[in-house]
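K.L.:
okay, predicted coordinates and the sequence, questions at the end:
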Amino acid sequence: MTIDIDFDVFKELTHRRSSEEVTYNDVIRELLGLSIKRRVPIVGTTTARGDWVTKGVRFPLGTEFRANYKSQTYRGKVEDGKLVVDNKRFDSASAAAGEITGKSVNGWTFWECRVPGESRWQTIKFLRR
């Protein structure tokens, strides 16, 4: 699919890109109020010390997590290769979600994350292949 735009629109879209990683599609999605579906870098040679790797997805050190459950917001953060929520360390997003809810929960649909350097939160289920 191709969409024709004039030079002024192209310039404005380019101006709104905060970095090379932000695509023109990301800019348009933001303008339309749609969520940006961007993947966290997948495991490879760029895995850094302290990153948390689970189910083939790499969450960089410092990635923030949040979830709303029963009108309360819960927060977590990637520290030393684990997801840390309320000073408890978890190997899986589901284990952390289960600790909060007291029942078995799919952590990939429960949590949102924000990667360091990004301003947008994204549901982590969109990060899996």
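P.N.:
Structure's in. What do you need?

K.L.:
quick one, domains of the protein?
P.N.:
Domains of the chain are assigned by automatic domain parsing as 1-34, 52-127.

K.L.:
among those domains, which is the most enclosed?
P.N.:
Highest mean neighbour count among the domains of the chain (mean count of other CB atoms under 10 Å): domain 52-127, with a mean of 16. Placement of C-beta: from N, CA and C, glycine included.

K.L.:
what's the closest non-adjacent residue to Asn106?
P.N.:
Ser94 (6.1 Å; CB to CB, 6 or more residues apart in numbering).

K.L.:
secondary structure class for that neighbour?
P.N.:
Assigned by DSSP: H, G, I helix; E, B strand; the rest coil, the conformation of Ser94 is helix.

K.L.:
mind listing the strands for this structure?
P.N.:
52-54, 57-59, 64-69, 72-79, 82-85, 88-90, 112-114, 122-123 (DSSP state E).

K.L.:
of all the ones you listed, which lies closest to Arg29?
P.N.:
Ranking the strands of the chain by distance to Arg29, with CB to CB as the measure, places strand 122-123 first at 11.6 Å.

K.L.:
now do the contacts for Tyr24.
P.N.:
Contacts for Tyr24 (CB atoms under 8 Å, 6 or more residues apart in numbering) come out as 13-14, 17.
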